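# could you work out the structure for the sequence below:
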Amino acid sequence: MIRIYELRQKEIINIKDGTRFGFVADLEIDQKNGKISKLIVPGPARVFGVFGRDTEYSIPWDDIKQIGDDIILVDVDPKDCTEEL
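Numbers count the residues shown, from 1 in each chain. Presented below is the predicted three-dimensional model:
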């Protein structure tokens, strides 16, 4: 078992190309079955991190390959999981 708080402490890394997405900021939950459907990670910051963000990563739960002590390994194409805000 894992708590949401613990998920937020783990960095997400893509095993396809070693991309470091960052840390979990939010979850998307399927209301019909009550299961987590996606992890939401803030995208890169705009100018010096002052002006917010343009994108976020929405990583499907099915693309998670391993949840470790410090990291979450995923297998995704960054282009497919990037969403404009």
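# list the buried residues of the longest strand along the chain.
Selection of the longest strand in the chain by residue count, based on DSSP state E, yields strand 35-42. Of all the residues in strand 35-42, those buried under the rule 16 or more other C-beta atoms under 10 Å are 38-39, 41-42. Heads up, the C-betas are built off the backbone N, CA and C, glycines and all.
# dump those into TSV; add distance to residue 56 and pLDDT as well.
Converted to TSV, the buried residues of strand 35-42 look like this (distance: C-beta to C-beta, whole Å; pLDDT from 0 to 100):
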residue	distance to residue 56	pLDDT
38	10	97
39	10	97
41	6	95
42	6	92
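# of the residues you listed, closest to residue 61?
Nearest to residue 61 among the buried residues of strand 35-42 is residue 38, at 6.2 Å by C-beta to C-beta.
# how many neighbours does the residue nearest to the closest one when sequence neighbours are not counted have?
Setting aside the residues directly before and after it, residue 38 is nearest to residue 28 in space (C-beta to C-beta, 6 or more residues apart in numbering), at 4.0 Å. Using other C-beta atoms under 10 Å, residue 28 has 13 neighbouring residues.
# pLDDT wise, what is the residue lying closest to residue 37 once chain neighbours are set aside at?
Nearest non-adjacent residue to residue 37, counting by C-beta to C-beta, 6+ apart: residue 30, 4.6 Å away. Residue 30 is assigned a predicted lDDT (pLDDT) of 97.
# measure residue 30 to residue 54 for me?
27 Å (C-beta to C-beta, to the nearest Å).
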